[in-house]
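Colleague: Give me a 3D structure for the following:
(4 chains)
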Number of protein chains: 2
Amino acid sequence: MSQVIDRFPRITSMPAYERVAEAIEQEIVSGRLRPGAALGTEAELVRQFGVNRSTVREGIRLLEQGGLIRRDASRRLIVGLPHYERLASRMSRALVLHQVTFRELWEAAMALSLATIELSIDRATPQLIEALERNIAATEAARHDPQRVGELDGEFHMALEEASGNRVLKLAREPSNMLIYPVTELVVRDVAQGAERLIHAHRMLVLALKERDADLGRLWTRRHLNDWRKGFELGGRDFDQPVDSVLLDARRQKVGE
Amino acid sequence: MSQVIDRFPRITSMPAYERVAEAIEQEIVSGRLRPGAALGTEAELVRQFGVNRSTVREGIRLLEQGGLIRRDASRRLIVGLPHYERLASRMSRALVLHQVTFRELWEAAMALSLATIELSIDRATPQLIEALERNIAATEAARHDPQRVGELDGEFHMALEEASGNRVLKLAREPSNMLIYPVTELVVRDVAQGAERLIHAHRMLVLALKERDADLGRLWTRRHLNDWRKGFELGGRDFDQPVDSVLLDARRQKVGE
DNA sequence: ACCAATTTGTCCGTATGTATG
DNA sequence: TCATACATACGGACAAATTGG
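Modeller: Residues are numbered from 1 along each chain as shown, chains lettered A, B, ... in the order given. Next up is the predicted model:
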């Protein structure tokens, strides 16, 4: 047995099903195949690549999982546009497997929330502010239902990210969100006045949007997240503890992936 | 044909290969199968699941793509730990397909860079500061080689993210980085004094780390990124133009994925 | 270093359920 | 309603690579 560390992947090693996947992927990322375009039947791919159906099918599975290709209602292959949520779900799963801590999640959420509110203050439309106010009203109505409050809080911040007009920011936040919001429910449940403090913070954030007051937005973003952290620690939880896979399981059941 | 929108996915619809993949995934994310653990041979999985080998293989391909399982040197299946870079690569590919603009990338990079420098100032070790200084020295030596300057700039910020001690932040930035740094080379090439300004900014960032001066760190992070933006626009490029797939192709060739 | 057993990669043929026209 | 096309799934087969004696 050789002790030498391989520097190069052996050139003969790439199986046919990987090459099939890569060939199709190249066509898509290069733009020659647009999202929504039909990829042809398996039989056609068999003919084009000159490999067996089983091989084509394995290659298809590789891309199918990443969302790069998918099947329409009649199970025909079409080029797909990888959806944010799907990728975010994989990211948060990776975060859990890497045992990141709640502190890391919280720090990242703070940075991204501050950027989100700043951009939203510049770009928020009346329609969006109205949607946020409806969300606050719904949260007030559900203030005694921690689970619903947690859900509505997630929707509030999702709408805020939408308002920022920055999809990169939204995508960067999503993995953290998927792990943080399930805990919000617990925080609201544990802390007396938790729901009220959350609602008030949301109100002040909307006020900041209306007045286009960036300082106010930053202030209440910080307070809102600090409240979350205090609630987290008041519940006897360790801020430097790795995110538990239990959280991910709960989240995945809701998403229904 | 029914015009009714389906409310529920039909329960019989999940193909056997998907159920195979999901069953294995559950074992992994729940922690019952640890990264590095052997998954058994295909024949064993055929026996356990009671399906055909082709079906097992298709299910395996689904997980293989996400990095959740991989093959060791002898092509046996083992549980893998999805690597950041792999996911970041898919994320940036999705960003390109969604035609995000350089403005969106830049705004996200700004938010994350500011957070990174703040945390790094709290947590940077002497070893790390030394590594950053070596990087600056190397950049000075290569100041007339735009490509090398671009690479070293990427390494500088990567090290800075490492110093922040926050993997979520690092992961959130990586997709933007993969699209931004290839352009840094062009910016340095176009702008006279580009390399000098870059080097000076890096020096001031290291100074901020040494003095533990957060204000200084934020100031020069902003200046550094504003420089990048000015250079981008001086090159006649449109800041609100979608990221071109050409960039991704160039990047993917370097990574060699 | 050779040999036998195991395992993966690939291929072939066929049957079945389902969607489309 | 019927016929066709297609994806899904199965069983079997063989070559190449790898392992372990």
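Colleague: So for stretch A:32-41, mean pLDDT?
Modeller: Averaged across stretch A:32-41, the pLDDT comes to 86.
Colleague: Likewise for stretch A:128-148?
Modeller: For stretch A:128-148, the mean per-residue pLDDT is 90.
Colleague: Which positions in it come out as buried?
Modeller: Across stretch A:128-148, burial judged by 16 or more other C-beta atoms under 10 Å in any protein chain shown covers A:L128, A:I129, A:L132, A:N135, A:I136, A:A138, A:T139, A:A142, A:R143, A:D145, A:P146, A:R148. All C-beta spots, glycine's among them, are computed from the backbone N, C-alpha and C.
Colleague: Output the below-cut-off pLDDT ranges for chain A.
Modeller: A:1-13, A:245-257 (pLDDT under 70).
Colleague: Of all the residues in the longest helix belonging to it, which ones are buried?
Modeller: Counting by DSSP state H, the longest helix found in chain A is helix A:167-190. Buried residues in helix A:167-190, counted by 16+ other C-beta under 10 Å: A:167-189.
Colleague: Same question for stretch A:75-91.
Modeller: For stretch A:75-91, by 16+ other C-beta under 10 Å, it's A:L77, A:V79, A:G80, A:P82, A:Y84, A:R86, A:L87, A:A88, A:S89, A:R90, A:M91.
Colleague: do stretch A:212-224 as well
Modeller: Of all the residues in stretch A:212-224, those buried under the rule 16+ other C-beta under 10 Å are A:A214, A:L216, A:G217, A:R218, A:W220, A:T221, A:H224.
Colleague: List the ones among the residues you listed that fall in strands.
Modeller: Judged by DSSP state E, the buried residues of stretch A:212-224 include no members of strands.
Colleague: Distance to A:G235 added to the residues you listed, as JSON lines?
Modeller: Listed next are those as JSON lines, based on distance: C-beta to C-beta, whole Å:
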{"residue": "A:A214", "distance to A:G235": "32"}
{"residue": "A:L216", "distance to A:G235": "29"}
{"residue": "A:G217", "distance to A:G235": "28"}
{"residue": "A:R218", "distance to A:G235": "27"}
{"residue": "A:W220", "distance to A:G235": "23"}
{"residue": "A:T221", "distance to A:G235": "22"}
{"residue": "A:H224", "distance to A:G235": "17"}
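Colleague: Inside helices: which ones of the buried residues of stretch A:75-91?
Modeller: Reading helices off the buried residues of stretch A:75-91 with DSSP H, I get A:Y84, A:R86, A:L87, A:A88, A:S89, A:R90, A:M91.
Colleague: so what does the helix or strand hosting A:A109 touch, helix or strand wise?
Modeller: Element membership of A:A109 [criterion: DSSP states H and E] is helix A:102-123. Counting contacts by 3 or more C-beta pairs under 8 Å, 6 or more residues apart in numbering or on different chains; DSSP states H and E, helix A:102-123 is packed against helix A:146-164, helix A:167-190, helix A:194-211, helix A:214-234, helix B:102-123, helix B:167-190.
Colleague: Between those, which one is closest to B:D72.
Modeller: Among the helices and strands packed on helix A:102-123, the nearest to B:D72 by C-beta to C-beta is helix B:167-190 (25.2 Å).
Colleague: any idea how chain A splits into domains?
Modeller: A:16-79, A:85-255 (automatic domain parsing).
Colleague: and those, which is most packed in?
Modeller: Comparing the domains of chain A by mean neighbour count (mean count of other C-beta atoms under 10 Å in any protein chain shown), domain A:85-255 ranks first with a mean of 19.
Colleague: Span of stretch A:34-54 from start to end?
Modeller: Terminal residues of stretch A:34-54 lie 25 Å apart, using C-alpha to C-alpha, to the nearest Å.
Colleague: quick revisit: out of the domains of chain A, flag the one nearest DNA strand D.
Modeller: Ranking the domains of chain A by proximity to DNA strand D (C-beta to the nearest atom of the strand) places domain A:16-79 first, at 3.5 Å.
Colleague: which one of the buried residues of stretch A:128-148 sits closest to chain B?
Modeller: Nearest to chain B among these, counting by C-beta to the nearest C-beta, is A:L128 at 17.6 Å.
Colleague: List the contacts of that closest one.
Modeller: By C-beta atoms under 8 Å, 6 or more residues apart in numbering or on different chains, A:L128 lies in contact with A:A159, A:E162, A:A163.
Colleague: Could you identify the helix or strand that succeeds the helix holding A:A109?
Modeller: Following helix A:102-123 toward the C-terminus (DSSP H and E): helix A:126-141.
Colleague: the inter-axis angle of that following helix versus helix A:194-211?
Modeller: Our comparison of helix A:126-141 with helix A:194-211, counting by axes from the mean of the first three to the mean of the last three C-alpha atoms, to 10 degrees, yields an angle of 160 degrees.
Colleague: and the ones in helices among the buried residues of stretch A:75-91 near chain B, which?
Modeller: A:Y84, A:L87, A:R90, A:M91 (C-beta under 8 Å from any C-beta of the partner chain).
Colleague: residues contacting the third one?
Modeller: Meaning A:R90. By C-beta under 8 Å, 6+ apart, the contact set of A:R90 is B:G66, B:P82, B:L87, B:R90.
Colleague: ok, now the second one?
Modeller: Neighbour list for A:L87: A:G67, A:L171, B:L87, B:R90, B:M91, B:A94 [criterion: C-beta under 8 Å, 6+ apart].
Colleague: Nearest to B:R19, out of those: which one, please.
Modeller: Nearest to B:R19 among the contacts of A:L87, with distances taken as C-beta to C-beta, is A:G67, at 19.2 Å.
Colleague: Torsion angles phi and psi at the closest one?
Modeller: phi 80, psi 0 (degrees, to the nearest 10).
Colleague: I figured it was touching A:P82, is that so?
Modeller: Yes: at 3.7 Å, A:G67 counts as touching A:P82 under the criterion of C-beta atoms under 8 Å.
Colleague: And A:L179, how far from B:R61?
Modeller: Plainly put, A:L179 is 28 Å away from B:R61 if you go by C-beta to C-beta, to the nearest Å.
Colleague: One more: A:E174?
Modeller: A:E174 sits 26 Å away from B:R61, going by C-beta to C-beta.
Colleague: Likewise for A:E107?
Modeller: 36 Å.
Colleague: Please apply the same query to A:A172.
Modeller: Distance of A:A172 to B:R61, given as C-beta to C-beta: 29 Å.
Colleague: Repeat that for A:E140.
Modeller: In this view, A:E140 and B:R61 are 49 Å apart by C-beta to C-beta.
Colleague: Could you do A:M110 as well?
Modeller: Counting by C-beta to C-beta, the gap from A:M110 to B:R61 is 39 Å.
Colleague: do A:A208 as well
Modeller: 48 Å.
Colleague: cool, and A:I28?
Modeller: Counting by C-beta to C-beta, the gap from A:I28 to B:R61 is 17 Å.
Colleague: same thing with A:F232?
Modeller: Using C-beta to C-beta, A:F232 is found at 39 Å from B:R61.
Colleague: just A:R222 next, same as before
Modeller: Relative to B:R61, A:R222 is positioned 46 Å away (C-beta to C-beta).
Colleague: Also A:A138?
Modeller: The gap separating A:A138 from B:R61 is 43 Å, by C-beta to C-beta.
Colleague: now A:E118
Modeller: A:E118 sits 43 Å away from B:R61, going by C-beta to C-beta.
Colleague: Tell me which residues touch the closest residue to A:D240 other than its chain neighbours, please.
Modeller: Distances taken as C-beta to C-beta, 6 or more residues apart in numbering or on different chains put A:T101 closest to A:D240, at 5.0 Å, once the chain neighbours are dropped. Shown in contact with A:T101 (C-beta under 8 Å, 6+ apart): A:F239, A:D240, A:Q241, A:P242, A:V243.
Colleague: Contacts only, for the last one.
Modeller: Put plainly, it is A:V243. By C-beta under 8 Å, 6+ apart, the neighbours of A:V243 are A:L95, A:V96, A:Q99, A:V100, A:T101, A:F102, A:L105, A:L179.
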